[in-house]
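Colleague: Using only what follows, build the 3D model:
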Amino acid sequence: GNVLLYGATSGETYIYGKVGGRFAIRNSGALAVVESVGAHCCEYITGGRVVVLGTTGINFAAGMSGGLAYVYDEDNLFDSKCNLHSVDIESVSANEDIKDLKQMIEKYYFYTTSETAKFILANWDNCLPKFVKVFPMEYRKVLGQMAKEDAELKRTQRNYRC
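Modeller: Residues are numbered from 1 along each chain as shown. Next up is the predicted model:
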């Protein structure tokens, strides 16, 4: 179908198969795993997480300002389909991201018995480098500012202790 999870605020969805265009647009909190997606996936997303285990259409992540997406980019073609005006694409290397991604795929496999998920999990060390993380630039700035504020708060709290 088209326009699934439009404006979703919470919950989880595991879709075994390909969805049409505009999947998870304006998502602000739902978690989703899907085999592949059509055009405009994750458009204007502000929160939540999306995992795509296969191909994507064009204009992925246009206007994405929050949330995260992980895409299995087996053929190294994703950067040509992603709208890079508001997001960075990077490898999945942080332990927290690796754990999060694997857990989402494990849940997806539990609910769908997907052969794609089964293959990825069985070959995790070889498949992990083929995943990319789609990280909104604005979200990165906010996280960086929050980290600075947390560090400053901790510094000032130490100065006030007796």
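
Colleague: Break down the protein into its helices, ranges please.
Modeller: For the chain, applying DSSP state H gives helices covering 78-81, 95-112, 115-122, 124-127, 137-159.

Colleague: Tell me which of those helices lies nearest to residue 4.
Modeller: Residue 4 lies closest to helix 95-112 among these, at 15.3 Å (Cβ to Cβ). C-betas here are computed from N, CA, C, even on glycine.

Colleague: on contacts alone, who are the packing partners of the closest one?
Modeller: Judged by 3 or more Cβ pairs under 8 Å, 6 or more residues apart in numbering; DSSP states H and E, the packing partners of helix 95-112 are strand 12-18, strand 28-36, strand 46-52, strand 66-72, helix 115-122.

Colleague: repeat that with 10 Å
Modeller: When contacts are defined as 3 or more Cβ pairs under 10 Å, 6 or more residues apart in numbering; DSSP states H and E, helix 95-112 packs onto strand 12-18, strand 28-36, strand 46-52, strand 66-72, helix 115-122, helix 124-127, strand 131-136.

Colleague: Residues in a beta bridge with the residue most central in space within the chain, which ones?
Modeller: Nearest to the mean C-alpha position of the chain, counting by Cα atoms, centre = their mean, stands residue 69 at 1.5 Å. Note on residue 69: beta-bridge partners by DSSP bridges are residue 50, residue 134.
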